[in-house]
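**Student:** Next input, structure requested:
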Amino acid sequence: MKLNCDLGESFGAWQMGLDDQVMPHIDMANIACGFHAGDADVMAQTLALAARHKVTIGAHPSYPDKQGFGRRSMALSADELNNCLHYQIAAIEGMAKVHGLSLSYVKPHGALYNDMMADERILESVITAIASYSKNLKLMILATANGKKHQELAKKHEVTLILEAFADRQYTDQGHLVSRKVPGSVHGKTALIAQVKQLLNDGSVTTQSGNKLTLNADSLCVHGDNADGIALISEIKALCQKS
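**Tutor:** Predicted structure coming up:
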């Protein structure tokens, strides 16, 4: 299973995440495009790091919400969302070319990610934006119990999906992520490793209510701002390589 991480989320003098420690261990880097975090310098530094470690790169666009780190929902029209995504994808794709890299996929960030998983109309708007972009890109979304339905929707627009699971997040019975506002929604070391092993060995997670949920995932996400996840990333990588 491929390991991915959200990176490039610093801004100016504000440091977010441990990108230099993460990049050597991952397969895919989801790079912020400037709307929730990141700027021209941070993007360039992150892309150079990805090039050095031969990591596949993806755009990590969000709602235009830098003050809220992209974690607040916004009521955008389909056209506004389409343009918002194209603007951000074009920015990171253009900078990637400078570093001899080719953009491979898109993974929406924060509230946009959660909103598209909760509302099929938003998901289709995101898929349509990816399909209408000038470069053939894949779309990374959450692996849920509705995976087959999501695949059919993407196929209608000729977009390939990458289904991801999370190493450090707690799940609802429907396969959505428990809100970060809820205590225990982000796993500590013991629960994190246990969830990774369960995903790799059984293709499932244990939900917040204690139920077993089967997930068909292609990639596993570890957050670069989670110190426990970073401390264990070598172990997680080793587990993924064995699966």
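**Student:** can you give me the strands for the protein?
**Tutor:** Under the criterion DSSP state E, the chain contains strands at 2-7, 28-32, 56-60, 103-106, 138-142, 161-166, 204-206, 212-214, 219-221.
**Student:** quick one: contacts of the second one?
**Tutor:** Contact with strand 28-32 is made by 2-9, 23, 38, 42-43, 46-47, 50, 55-60, 62, 92, 104-105, 107, 109, 140, 219, as judged by Cβ atoms under 8 Å, 6 or more residues apart in numbering. (Glycine included, C-beta is placed from N, CA and C.)
**Student:** Now the buried members of these.
**Tutor:** Neighbour counting with 16 or more other Cβ atoms under 10 Å marks 3-9, 23, 38, 42-43, 46-47, 50, 55-60, 62, 92, 104-105, 107, 109, 140, 219 as buried within the contacts of strand 28-32.
**Student:** Tell me who's in contact with the residue nearest the centre of the chain.
**Tutor:** Central residue of the chain (Cα atoms, centre = their mean): residue 107, 4.8 Å from the mean position. Applying Cβ under 8 Å, 6+ apart to residue 107 gives the contacts 4, 6, 30, 58, 59, 60, 113, 139, 140, 141, 162, 164.
**Student:** Show the contacting residues for residue 157.
**Tutor:** Counting by Cβ under 8 Å, 6+ apart, residue 157 touches 124, 127, 128, 130, 131.
**Student:** Repeat that for residue 179.
**Tutor:** residue 185.
**Student:** repeat that for 6 Å
**Tutor:** Applying Cβ atoms under 6 Å, 6 or more residues apart in numbering to residue 179 gives no contacts.
**Student:** Can you tell me how far it is from residue 130?
**Tutor:** Note on residue 179: its distance to residue 130, by Cβ to Cβ, to the nearest Å, is 26 Å.
**Student:** Give me the neighbour count for residue 127.
**Tutor:** Per other Cβ atoms under 10 Å, the neighbour tally for residue 127 reads 23.
**Student:** now it: how far from residue 73?
**Tutor:** Counting by Cβ to Cβ, the gap from residue 127 to residue 73 is 19 Å.
**Student:** do residue 21 as well
**Tutor:** Using Cβ to Cβ, we find residue 21 at a distance of 31 Å from residue 73.
**Student:** So if I had to pick from these two, which one is more boxed in?
**Tutor:** residue 73 (17 against 12).
**Student:** Got the phi and psi for the more buried one?
**Tutor:** Backbone torsions for residue 73, taken as degrees, to the nearest 10, come to phi -70, psi 150.
**Student:** Alright, that wraps it up for me.
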